[in-house]
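**Student:** would you be able to build a 3D model of this:
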Amino acid sequence: MFPSGMSESIYSDIMERLKGRGVKIVVDATGDLLLKCLKYKPFLIKPNNQELEEIFGETLDSRESVVPYARKLIEMGAENVIVSMAGDGAAFVSANGDVYMREAPAGRLVNGVGAGDSMVAGFIAGWLTEGNLLHAFKLGLCTGSASAYSDYLATREEVERLYSSIEEL
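**Tutor:** Below you'll find the predicted structure:
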């Protein structure tokens, strides 16, 4: 959904201008907007399982069931794909074939608004600090979960507590 007056091609327009400049692009969008961005080879996309269902016309109700569709998105241009699944956790698939799946860390849902955006922010922070996809995925999962377990956005301490509570993947 776009603010009124904004072109539906805004993402593609921006990505076209950045092409070839070494900028890593992250896209958290739905439907055709997401699909139109894939030709620009975004570093990360983050659909949720319901958005994947809409794109591919399939019922996807487990982390395992989303993996083949995340791979299809990689074939279509994405470098890395996180599929968020609310309280069921997430699945991560990379262009080099890595697949990580994890249930959400234990906690009580307080407010899920912004949890997906927080997941993306956590992934980016993890990638920028360590350059490691597994660490980035775990930090994204914990950041999204911590925000869902908080009244507002999660604090660093809440994220770190969840991160240290989950076992290695």
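**Student:** going forward, measure contacts between C-alpha atoms and count neighbours the same way
**Tutor:** Will do.
**Student:** need the contact list for the residue nearest the centre of the chain.
**Tutor:** For the chain, the residue nearest the mean C-alpha position is Lys46 (3.0 Å; CA atoms, centre = their mean). Residues in contact with Lys46 (CA atoms under 8 Å, 6 or more residues apart in numbering) are Val27, Asp28, Ala29, Val81, Ile82, Val83, Ser84, Val120.
**Student:** pull the most distant pair out of those residues.
**Tutor:** Val27 and Ser84 (13.5 Å; CA to CA).
**Student:** more neighbours: those two, which one.
**Tutor:** Ser84 (27 against 19; other CA atoms under 10 Å).
**Student:** what about Thr59, neighbour count?
**Tutor:** 13.
**Student:** which of the helices or strands spans the closest residue to it other than its chain neighbours?
**Tutor:** Spatial nearest neighbour of Thr59, excluding adjacent residues (CA to CA, 6 or more residues apart in numbering): Glu53 at 5.7 Å. Counting by DSSP states H and E, the element that carries Glu53 is helix 49-56.
**Student:** which residue ranges form the helices in this structure?
**Tutor:** 10-18, 31-37, 49-56, 63-75, 115-130, 133-148, 156-165 (DSSP state H).
**Student:** circling back to that earlier point, of the contacts of Lys46, just the buried ones, ChimeraX syntax please.
**Tutor:** To isolate the buried members of the contacts of Lys46 in ChimeraX, using 16 or more other CA atoms under 10 Å:
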select :27,29,81,82,83,84,120
